[in-house]
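>>> Structure for the following, please:
(one chain, ligands or ions: 1)
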Amino acid sequence: MLETRDLTIRFGGHVAVDHVSCAFQPGTLTAIVGPNGAGKTTYFNLISGQLPASEGQVLLNGLDITRLPVSARTHLGLGRAFQLTQLFPALSVLENVRLAVQSRRKLGLNLWSVWLDHRGTLRQARELLEQVRLDDKAETIASSLPHGDQRKLEVAMLMALDPLVYMFDEPTAGMSVDEVPVVLDLIRALKARQDRTILLVEHKMDVVRELADRIIVLHNGRLMADGEPEAVIASPVVQNAYLGVVEEVAA
Ligand SMILES: Nc1ncnc2c1ncn2[C@@H]1O[C@H](COP(=O)(O)OP(=O)(O)OP(=O)(O)O)[C@@H](O)[C@H]1O
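So this is what the prediction gives:
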């Protein structure tokens, strides 16, 4: 279970995330919504370790990871879709995914197992590329991919790591209409496994309605609402003050 307790960050006098306490269970997909500047991405950055908390805690399966660097959190099972800077831009699409698969698998010490593992990682990398429909671009250099394909590559690399907690920050942003279903199908498949915790920052309310088991609403860094999608969406305070804004942004 992932949990934040009174998680807070201040930038000068501005409190971007303000004492947010929330627990996220395996097998659930929680959508984090709220207007622009509400603190959604900053909350993600605090959980993944890209930003240091001013106050409060992040716990993963009871372990306090608040002061751990990003790499240690990744190692413990916290997975955020790779940012473009974390791709190897000069390597091919296939090599990027293969390296992500390899970083997860434990390599044996003798040459035979290294060779077997190399074949295994390549096979797994190719399977992941098929799943995100990038198999025809396996040999393309990562930096020359169009934006939508780079997002799909990030998702493939995240799936290669297969973390306990998947964090998606607007996974379909910048994608063409025909690319969006590919990524949503993958998130649906992940959800169907029932053993992973999925966090999704998403502006598109149709996507949120369909995928989320639970919605939390942030506003001015505070947790405004938390509950089952229909109840949260229907609550007057959220309708009038917040989701209206989000819908407008998504439109
Ligand atoms: N490194 C930073 N330094 C100063 N202020 C920051 C920093 N990062 C975020 N903020 C501020 O924190 C607030 C929350 O920003 P954040 O990007 O988390 O919002 P968001 O809900 O993700 O918005 P959007 O939907 O537009 O992506 C904003 O007022 C933003 O300007």
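
>>> Point out where the stretch 151-251 of the chain drops to low pLDDT.
By pLDDT under 70, the low-scoring segments of the stretch 151-251 of the chain are 237, 240-251.

>>> do that again at 90, thanks
Across the stretch 151-251 of the chain, residues meeting the criterion (pLDDT under 90) sit at 151-152, 154-155, 158-162, 170-183, 185-186, 189-190, 192-193, 203-207, 233-251.

>>> what does it have sitting close to the ligand?
Taking C-beta under 6 Å from any ligand atom as the criterion, the ligand has no neighbours within the stretch 151-251 of the chain. Bear in mind the C-beta positions are built from the backbone N, C-alpha and C, glycine included.

>>> now the helices: where do they sit in the stretch 151-251 of the chain?
Secondary structure of the stretch 151-251 of the chain (DSSP state H, counting those that start in this stretch): helices at 180-192, 205-211, 229-234, 236-238, 244-250.

>>> Stretch 5-14: how far from the chain's middle?
Here the centre of stretch 5-14 is set off from its chain's centre by 22 Å, with C-alpha atoms, centre = their mean, to the nearest Å.

>>> go on, stretch 23-40?
Centroid separation for stretch 23-40 versus its chain: 10 Å, with C-alpha atoms, centre = their mean.

>>> Straight-line length of it, end to end?
Its start and end residues considered, stretch 23-40 measures 16 Å (C-alpha to C-alpha, to the nearest Å).

>>> and if you look at stretch 36-45?
Termini of stretch 36-45 sit 16 Å apart (C-alpha to C-alpha).

>>> Over to stretch 68-88?
Start to finish, the residues bounding stretch 68-88 are 24 Å apart (C-alpha to C-alpha).

>>> Give me the mean pLDDT for it.
On average, the pLDDT along stretch 68-88 is 82.

>>> Tell me how far it lies from the chain's centre.
10 Å.

>>> List the buried residues for the longest helix anywhere in the chain?
Using DSSP state H, we find that the single longest helix of the chain is helix 111-131. Neighbour-count burial for helix 111-131 flags Asp117, Thr121, Leu122, Gln124, Ala125, Arg126, Leu128, Leu129, Gln131 (criterion: 16 or more other C-beta atoms under 10 Å).

>>> one step back: now mean neighbour count too, for the helices of the stretch 151-251 of the chain, in a markdown table please.
A markdown table is the format used below for these (neighbours: other C-beta atoms under 10 Å):
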| stretch | mean neighbour count |
| --- | --- |
| helix 180-192 | 16 |
| helix 205-211 | 17 |
| helix 229-234 | 16 |
| helix 236-238 | 14 |
| helix 244-250 | 14 |
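
>>> Let's have those helices in JSON lines, adding distance to Asn96.
Listed next are the helices of the stretch 151-251 of the chain as JSON lines, based on distance: least, C-beta to C-beta, whole Å:
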{"stretch": "helix 180-192", "distance to Asn96": "17"}
{"stretch": "helix 205-211", "distance to Asn96": "26"}
{"stretch": "helix 229-234", "distance to Asn96": "34"}
{"stretch": "helix 236-238", "distance to Asn96": "39"}
{"stretch": "helix 244-250", "distance to Asn96": "30"}
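
>>> Nearest to Val155, out of the ones you listed?
Closest to Val155 of the helices of the stretch 151-251 of the chain, according to C-beta to C-beta: helix 180-192, at 5.8 Å.

>>> what's the angle between that closest one and helix 111-131?
120 degrees (axes from the mean of the first three to the mean of the last three C-alpha atoms, to 10 degrees).

>>> so which of the helices of the stretch 151-251 of the chain gets nearest Leu99?
Closest to Leu99 of those, according to C-beta to C-beta: helix 180-192, at 19.7 Å.

>>> just how off-centre is that closest one within its chain?
Helix 180-192 sits 13 Å away from the centroid of its parent chain (C-alpha atoms, centre = their mean).

>>> now for it, which elements pack on it?
Where contact means 3 or more C-beta pairs under 8 Å, 6 or more residues apart in numbering; DSSP states H and E, helix 180-192 is packed against helix 147-161, strand 197-201, helix 205-211.
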